[in-house]
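1. what's the 3D shape of this:
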Amino acid sequence: MTSSKSNTIDYNNTAKFTDKQSVTMFSLQPVLKSLALLVFLVPLSYVVAQQEEDNSTPMTSEDSNGSLLMTNYNALREEGQGFYIHDSIIRFETPNSVIVSAGLLLWWCDFKFLSDDTNIENYGYVGQGVGWKLGSTYEDLVEAGAQLATNGERVALSVSAVMVPTLGIFEGQIHATHDDWVWRYWDDGSSTLPILGWEGHDEGDTSPSSDTCAFSLSGTVTKITTEAAAELLGMDVAFMTPATCSMEYEVAWNASHVPDPIDTSVTALEEEVAQLQADINELMSRMAATEGSLAATGSGNGGGNPISIMKDAEETDVSGIHIGIDDSAASTTASTIGSSIAGISAAVGVFALL
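-> Below you'll find the predicted structure:
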């Protein structure tokens, strides 16, 4: 009996133990869920806060890739000049136009900077430059329908850029001084910068290629050394200075800003018309004088009243003197003068049409 009692299982106590365990496990479930939620939300809130902080803080001179944003800017400021190779593809507006590969050497100088480096939100510059077309670029562009300056191989340029702190980059542009095409570039401090360019249709353009010169361009500009630029231009490195660049710019600008032959012709024609008008007035005076002489020496004066000629306020009696002008000669003179006036009037009329 004793052994029997010891081997008997008390189901009431077991049930109580099981109930207590169930109650304990049930009460822990909300706590575990809360802990799991916290484990998920805390890192997420940190990431969001970090992103908001990054968005509210302007980019510094070092970008996310660790490259120095100010590299090219500082070089231009310290050296007063910069050399780049332009490499692009261009498509002109004519249907089925071929793609032109363009290569140019760019020499920038004559910079004026916005700030004294104390305000990172105010970095920027303006400058001038010269572009030399390399290889067969000039011939290829002409064949494709480009409108190029009269100096051909080189062109005067204007350049500018400004730093955009929220983007952490310099945005810049280059345009010609003789035409309305534009290139844009983005400088993140790298040695090779992307460029985008275009020229639209200019309704007032009078050049022979004005109907074919609109284009789109995409490519790069890559920074090169002074020595490499000197070799490409065939110049002595010692002369590759900002002062030389300024002189080269002046030469290129003057070559592309020669007087317009049409304007020159109009100016010359205006002067000629003014002279012709003076000639008309003189001829009209002569005709009036001739008609007066004919009237004075006509048949009605065969032996009549004496004729007087006034000269320098002195009256001279020329009674009985035969003047020697016959009707046919007077008629010829009048006809010649009339023809001259008609020719001059026609010239004035042509100018009026211009």
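
2. from here on, just use CA atoms for contacts and neighbour counts.
-> OK.

3. give me the below-cutoff pLDDT ranges for the stretch 201-350 of the chain.
-> Scanning the stretch 201-350 of the chain with the threshold set as pLDDT under 70 gives 203-208, 260-268, 297-350.

4. tell me the buried residues in the strand ranked longest in the chain?
-> Counting by DSSP state E, the longest strand found in the chain is strand 99-113. Going by neighbour count (16 or more other Cα atoms under 10 Å), the buried part of strand 99-113 is 100-111, 113.

5. now those in CSV, with distance to Gln275?
-> Listed next are these as CSV, based on distance: Cα to Cα, whole Å:
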residue, distance to Gln275
Val100, 52
Ser101, 53
Ala102, 51
Gly103, 52
Leu104, 50
Leu105, 51
Leu106, 50
Trp107, 49
Trp108, 49
Cys109, 49
Asp110, 47
Phe111, 49
Phe113, 53
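
6. need the max-distance pair from these.
-> Based on Cα to Cα, the longest span within the buried residues of strand 99-113 runs between Val100 and Phe113 and measures 34.7 Å.

7. give me the element Gln275 is part of.
-> helix 261-296 (DSSP states H and E).

8. same question, Val258
-> Judged by DSSP H and E, Val258 forms part of no helix or strand.

9. list the contacts for it?
-> Under the criterion of Cα atoms under 8 Å, 6 or more residues apart in numbering, the contact list for Val258 is empty.

10. helices of this structure, start to end?
-> Taking DSSP state H as the test, the helices found in the chain are 2-6, 11-56, 71-79, 137-144, 226-233, 242-255, 261-296, 327-353.

11. list the buried residues for the fifth one?
-> With burial defined by 16+ other Cα under 10 Å, the residues of helix 226-233 counted as buried are Thr226, Ala229, Ala230.

12. put together a markdown table for those, with distance to Thr71 on each row.
-> Formatted as a markdown table, the buried residues of helix 226-233 follow (distance: Cα to Cα, whole Å):
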| residue | distance to Thr71 |
| --- | --- |
| Thr226 | 16 |
| Ala229 | 19 |
| Ala230 | 22 |
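
13. just the residues you listed now: which is nearest Thr241?
-> Closest to Thr241, out of all of these and judged by Cα to Cα, is Thr226, at 9.1 Å.

14. find the nearest non-adjacent residue to Gly131, please.
-> Distances taken as Cα to Cα, 6 or more residues apart in numbering put Leu106 closest to Gly131, at 4.6 Å, once the chain neighbours are dropped.

15. shaky segments in the stretch 1-150 of the chain?
-> 1-67, 116-121, 144-150.

16. circling back to that earlier point, so what pairs up with the residue nearest to Gly131 in the strands?
-> As for beta bridges, Leu106 partners with Tyr84, Gly131 under DSSP bridges.

17. number the chain from 44, please
-> Fine by me, first position is 44 from now on; the one you just mentioned is Leu149.

18. now do it against Leu184, distance only.
-> 17 Å (Cα to Cα, to the nearest Å).

19. do Thr265 as well
-> 21 Å.

20. please say which of those two ends up with more neighbours.
-> Leu184 (20 against 16; other Cα atoms under 10 Å).

21. give me the spatial nearest neighbour of the more buried one, chain neighbours excluded.
-> Closest to Leu184 by Cα to Cα, 6+ apart is Val143, at 6.8 Å.

22. list the residues that contact the one you found.
-> Here Val143 is in contact with Ile132, Ile133, Arg134, Asp183, Leu184, Ala187 (Cα under 8 Å, 6+ apart).

23. rerun at 10 Å
-> Ser131, Ile132, Ile133, Arg134, Phe135, Thr180, Asp183, Leu184, Glu186, Ala187, Leu260 (Cα atoms under 10 Å, 6 or more residues apart in numbering).

24. cool, Ala321 as well?
-> Taking Cα under 10 Å, 6+ apart, one finds Glu315, Met327 in contact with Ala321.

25. hmm, Glu122 is touching Met283, no?
-> No. Taking Cα atoms under 10 Å as the definition, Glu122 is not a contact partner of Met283, at 11.2 Å.

26. who's more crowded, these two?
-> Met283 (17 against 11).

27. dump the residue contacts of the more buried one.
-> Gln124, Trp150, Thr269, Glu270, Ala272, Ala273, Leu276.

28. how close does it sit to Ala273?
-> 7 Å.

29. likewise for Ala317?
-> 54 Å.

30. how close does Met327 get to Glu334?
-> Met327 is 11 Å from Glu334, by Cα to Cα.

31. same question for Phe282.
-> As judged by Cα to Cα, Phe282 and Glu334 stand 76 Å apart.

32. over to Ser203?
-> For Ser203, the distance to Glu334 - Cα to Cα - is 73 Å.

33. the more surrounded of those two?
-> Set Ser203 next to Glu334 and count neighbours by other Cα under 10 Å: Ser203 wins out with 20 against 13.

34. run through the bridge partners of that one.
-> So, taking DSSP bridges as the rule, Ser203 has Val169, Gln216 as bridge partners.
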